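Enquirer: can you look at this prediction? I've put the sequence above it.
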Amino acid sequence: MALKIAVIAEAHADFRVVSTLFDRVVMATEGTPNYIREDSEQLEAEREFCALEEFDERGFTARSRIKSMHSGFGRGGGSRFGKGLGNDLRDTEKCVKLAVKIDDPIDVLILSRDTDGVEERQESWRTVQDGFAAEVDFKIILAGQHCKLEAWLLNGFSPSEPAEESRLAELRQELGFSPVTQAERLNARSHGAKKDAKRVLECLTAGDFAREETCYAEASLDTLKTNGAKSGLKAYLEDVEAECVPLFQ
């Protein structure tokens, strides 16, 4: 029976990145059974990305749906964790509670979310993860992008031609740091701002979607871990390896 992996993400782009990276880790880890590592089609048969709602065939649940979905189960009382960590804690707690209530049990819940520069979000996610870990029958994996999803893509960028080398050098000069190895410092919230991760990624890749995809689909996992030590990417990759790969055995 296929491993069921429910994903809650802000948008399809986030789902595409976290699911691709999940598969890459599984295929690259020695603990994964050989029959899967030797045939990617076997992985397709052994795991299924899904939404929390049966009718949603996108493979993930949009985080914007959580509030209305949760209201369908009644008020359910307040948060067990108090109010000290902001609204994100309550919303994340709702995600886990919804995953517990669905009819078709899951094996893994991936919570994808960017910090948008709000440090307390990371603390709230870990609080919920730790608080429910011993109570639920599925693994809770955090895919927390600091500060934006684009930071993870930048972590995997490597110039492939002189034009890209030139653009990277110009950005390093403009920013005063490398947007590849220190992407977590791109914390601007205004689109087009100097430290806007979206602007920097678009500049480096010349707005080429296929080029953006290579950053997370082709860069070595070791490179992604090294460059993503402070963006949340390293933690996500290591959690998938430690918590999810054993489920395939």
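Expert: Happy to help now that I have it. Residues are numbered from 1 along each chain as shown.
Enquirer: only the buried residues of the helix or strand containing residue 43, if you could.
Expert: Residue 43 belongs to helix 40-46 when assigned by DSSP states H and E. If you call a residue buried by 16 or more other Cβ atoms under 10 Å, then helix 40-46 has these buried ones: 43, 46. Any C-beta I mention is one placed from the backbone N, CA and C, and that applies to glycine too.
Enquirer: which residues does stretch 34-50 contact?
Expert: Applying Cβ atoms under 8 Å, 6 or more residues apart in numbering, the contact partners of stretch 34-50 are 2-7, 15, 19, 23, 26-27, 59-60, 106, 248.
Enquirer: quick one: average pLDDT of it?
Expert: Mean per-residue pLDDT for stretch 34-50: 96.
Enquirer: immediately after the one helix or strand in the chain whose mean pLDDT sits lowest, which helix or strand?
Expert: Every helix and strand of the chain was ranked by mean pLDDT, DSSP states H and E. The lowest is helix 66-71, at a mean of 86. Where DSSP H and E defines the elements, the next helix or strand beyond helix 66-71 is helix 87-101.
Enquirer: average model confidence for that following helix?
Expert: Averaging pLDDT along helix 87-101 gives 91.
Enquirer: show me how far it is from its chain's centre.
Expert: For helix 87-101, the gap between its own C-alpha mean and the chain's C-alpha mean amounts to 17 Å (Cα atoms, centre = their mean, to the nearest Å).
Enquirer: just the residues contacting that helix, thanks.
Expert: Outside helix 87-101, the residues that reach it (Cβ under 8 Å, 6+ apart) are 6, 8, 52, 63, 66-67, 69-70, 73, 76, 79-81, 106, 109, 111, 113, 118, 120-121, 124-125, 127-128, 132, 136, 138, 140.
Enquirer: which of those residues are buried?
Expert: The neighbour count (16+ other Cβ under 10 Å) marks 6, 8, 52, 63, 66, 69-70, 79, 81, 106, 109, 111, 113, 118, 121, 124-125, 127-128, 132, 138, 140 as buried among those.
Enquirer: so residue 246 touches residue 31, yeah?
Expert: Yes. With contact defined as Cβ atoms under 8 Å, residue 246 counts as touching residue 31 (6.6 Å).
Enquirer: how close does the residue lying farthest from the centre of the chain sit to residue 94?
Expert: Ranked by distance from the centre of the chain (Cα atoms, centre = their mean), the top residue is residue 162, with 30.8 Å. In this view, residue 162 and residue 94 are 49 Å apart by Cβ to Cβ, to the nearest Å.
Enquirer: got the contact list for residue 189?
Expert: Applying Cβ under 8 Å, 6+ apart, we find residue 189 in contact with 116-117.
Enquirer: find the centremost residue of the chain, please.
Expert: Central residue of the chain (Cα atoms, centre = their mean): residue 143, at 3.2 Å.
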